[in-house]
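Need the 3D shape of this:
(chains A, B and C)
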Amino acid sequence: MAGHAVIVADDHPLFRSALRGAVEQALPDAQVTEADSAQAVQAAVRMVPDADLCTLDLRMPGAYGFSTLAFLRGNHPSLPVVIVSAVTDPSVIRRAETLGAVGYIPKSAPPQVIAQSIQRVLAGDTAFPDTGANPTLSPAETADQALAERIASLTPQQFRVLTLLADGLLNKQIAYEMNVTEATIKAHVTAILRKLKVSNRTAAVIAARKLDVDDTEAGLDGAQPQMTAP
DNA sequence: CTTGAACAGCAGTCCTACAA
DNA sequence: TTGTAGGACTGCTGTTCAAG
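Residues are numbered from 1 along each chain as shown, chains lettered A, B, ... in the order given. Next up is the predicted model:
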C-alpha cells in the first residue's frame, strides 16, 4: 500500500512543525503537505485531491472558526478533517463534531496522543476528547449546522470571496487580491448572498462569523476535557 | 462554474446659494 | 460668520444577462 497523504494546516510554523512530527511519528511513510492559511488549505486540497487526512487549525488567516471545516465538508466530503486547536471548551468540541469533523485534538495534547488520534481516524474511527454525554442538539447547534450547510454549498471562489468580505475588504480590494475584475466579485457576492439567504454583504459577514470561535472559549482555566489514549 | 459588461439604486462628499 | 438646503458628482453595491 502507498504511503498516506496528510495535509497539516496551521498558521504557526512552530506548531505546524510539531504537528508534522506527530504525523510522521504515527505514519512514518506519510507524505505531509503544509498549509498556513485557509487559502493554502484550498490549494493543498487541489494539489493532493486524494489526501487521507487533514488536520485543521481553527484560527488561521482567512479562516473564521469552523468556516473552513464547513467548506471542506461541502467541497471535499471524502476528506476526513481533524480539528487541532488550543480551544478546549467542550461546547467547541461538540460543535466540531456536529459540523462534521472526525476528530478534535487539543494543542496541549502530548505528541503520542496526537499520533494515536491520527491513527484512530485513519482506521475509520473518530477521536474526540470526552466532553460528557449530550445526545441532543441544542437550537444553536442546529442553526450552526444549517449555516454550515449553506457555506458548504459555496464554490471555492465564492468561499474565498466570503473570507475576504469578512476581513472587511471592498469589492475592488477583493478583485485586486484575487486578480479578477470588480465585476466578477460582484457576481460572486450576489451568488453568496443567495446561497447564504441574506440580503447584503454585512449580513453575509455576520453569518460567516457565526461559525467563528470566541477566544474566551479557549479553555485556559476551568475543567478541560481529557484526551485519553485508546 | 467563472468571468465580464451594462445598468440602477443608494450614500457620502463637495460646492454653491441663501437666510439668520 | 455660521448654518442649512439643494444639486451635481463620485464611489460602492447589487442585479441581470451573456459568453467561455
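
just checking, A:Val6 touches A:Leu27?
Yes: between A:Val6 and A:Leu27 there is a contact under CB atoms under 8 Å: 6.9 Å. Every residue, glycine included, has its C-beta placed from N, CA and C.

more neighbours, these two?
A:Val6 (25 against 20; other CB atoms under 10 Å).

measure the more buried one to A:Ala203 for me?
37 Å (CB to CB, to the nearest Å).

Next: A:Arg94.
For A:Arg94, the distance to A:Ala203 - CB to CB - is 26 Å.

Looking at these two now, which is surrounded by more residues?
A:Arg94 (19 against 13).

Please tell me I have it right and the more buried one contacts A:Asp144.
No: here A:Arg94 lies out of contact with A:Asp144, judged by CB under 8 Å, at a distance of 9.8 Å.

Close to DNA strand C: what parts of chain A are there?
With CB under 7 Å from any atom of the strand as the criterion, chain A meets DNA strand C at residues A:170-172, A:182-183, A:186-187, A:189-190, A:193-194, A:199-202.

So which of these sit within helices?
Those of these mapping onto helices are A:171-172, A:182-183, A:186-187, A:189-190, A:193-194, A:201-202, per DSSP state H.

Now the buried members of those residues.
Among those, those that count as buried by neighbour count (16 or more other CB atoms under 10 Å) are A:171, A:189, A:193, A:201.

Return the per-residue confidence for the last one.
Read that as A:Arg201. Looking at A:Arg201, its pLDDT is 79.

Name the spans of chain A whose pLDDT lies under the cut-off.
Residue ranges of chain A with pLDDT under 70: A:1-2, A:132-141, A:214-230.

what about A:Gln31, neighbour count?
A:Gln31: 16 neighbours (other CB under 10 Å).

What separation do you get for it and DNA strand C?
32 Å (CB to the nearest atom of the strand, to the nearest Å).

From DNA strand C, how far off is the residue nearest the centre of chain A?
Taking CA atoms, centre = their mean, the centroid of chain A lies closest to A:Leu69, which sits 3.3 Å from it. According to CB to the nearest atom of the strand, A:Leu69 and DNA strand C sit 25 Å apart.

Look at that residue and tell me its secondary structure.
helix (DSSP: H, G, I helix; E, B strand; the rest coil).

Correct me if wrong: it contacts A:Val102.
No: checked against CB under 8 Å, the pair A:Leu69 and A:Val102 is beyond contact range at 10.6 Å.

shared neighbours of those two, anything?
Here A:Leu69 and A:Val102 share the contacting residues A:Val81, scored by CB atoms under 8 Å, 6 or more residues apart in numbering.

residues from chain A in reach of DNA strand B?
So chain A meets DNA strand B at A:155-158, A:178, A:180-181, A:183-184, A:186-188, A:191 (CB under 7 Å from any atom of the strand).

With that, I have no additional questions.
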